[in-house]
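**Student:** Build me a model:
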Amino acid sequence: MDKRIDLAIKKAYESLEVAKLLFDKGYYSDSISRSHYATFHASKALLFKKGVDSKKHSGNIQNFGLEYVVKDDFDNEKAEILSNLEDDRENVDYDFSFKATKEQAEQDLNDAKAFIDECERFL
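**Tutor:** Here you go, the predicted model:
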């Protein structure tokens with residue numbers, strides 16, 4: 001496996017583990033952010049596999065959709081998790097009036113796990 005792919009997927013699992021730890025401690029905003037980064041790193045691993053590297057989150061989401069949803073058979077519903085968690089991350093990181101809930105953090109954590117599980121099919 002290409003070193004970048006291996007490093008990215010390891011970072012995805014590490015972010016998922018940290019998201020769970022933060023969730024368990026009640027840090028829901030930070031858990032949501034780490035859940036997003038778990039999906040971001042997993043999607044980058046798959047893009048590296050196809051020789052694609054995006055520097056921005058928006059480019060990553062766009063390239064992922066093109067390379068894996070349009071050209072491959074990545075589950076469309078699970079692919080939507082990537083952009084949904086990006087939206088949630090932007091809310092918790094930049095909207096100071098946004099109140100992260102336990103339910104949202106738990107949903108994002110479960111969604112991140114489902115997204116990574118789907119990514120594993122392509123690694």
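
**Student:** so what's the residue most central in space within the chain up against?
**Tutor:** Most central in the chain under C-alpha atoms, centre = their mean is Thr39, positioned 1.4 Å from the mean C-alpha point. Going by C-beta atoms under 8 Å, 6 or more residues apart in numbering, Thr39 touches Ala12, Ile81, Leu82, Leu85, Asp111, Ala112, Phe115, Ile116. Placement of C-beta: from N, CA and C, glycine included.

**Student:** helices or strands up against the helix or strand of the chain with the lowest mean pLDDT?
**Tutor:** Sorting the helices and strands of the chain by mean pLDDT, DSSP states H and E puts helix 57-64 at the bottom, at a mean of 94. Applying 3 or more C-beta pairs under 8 Å, 6 or more residues apart in numbering; DSSP states H and E, one finds that helix 57-64 contacts helix 28-49, helix 76-94.

**Student:** On the three-state scheme, the residue in the chain sticking out farthest from the centre is what?
**Tutor:** Of all residues in the chain, Ser97 has its C-alpha farthest from the mean position, at 23.3 Å, by C-alpha atoms, centre = their mean. At Ser97 the chain is in coil, as set by DSSP: H, G, I helix; E, B strand; the rest coil.

**Student:** Look at Asp72 and give its secondary structure.
**Tutor:** coil.

**Student:** three-state assignment of the closest residue to it other than its chain neighbours?
**Tutor:** Nearest residue to Asp72, sequence neighbours excluded (C-beta to C-beta, 6 or more residues apart in numbering): Phe122, at 7.0 Å. Three-state assignment for Phe122 (three-state DSSP): coil.
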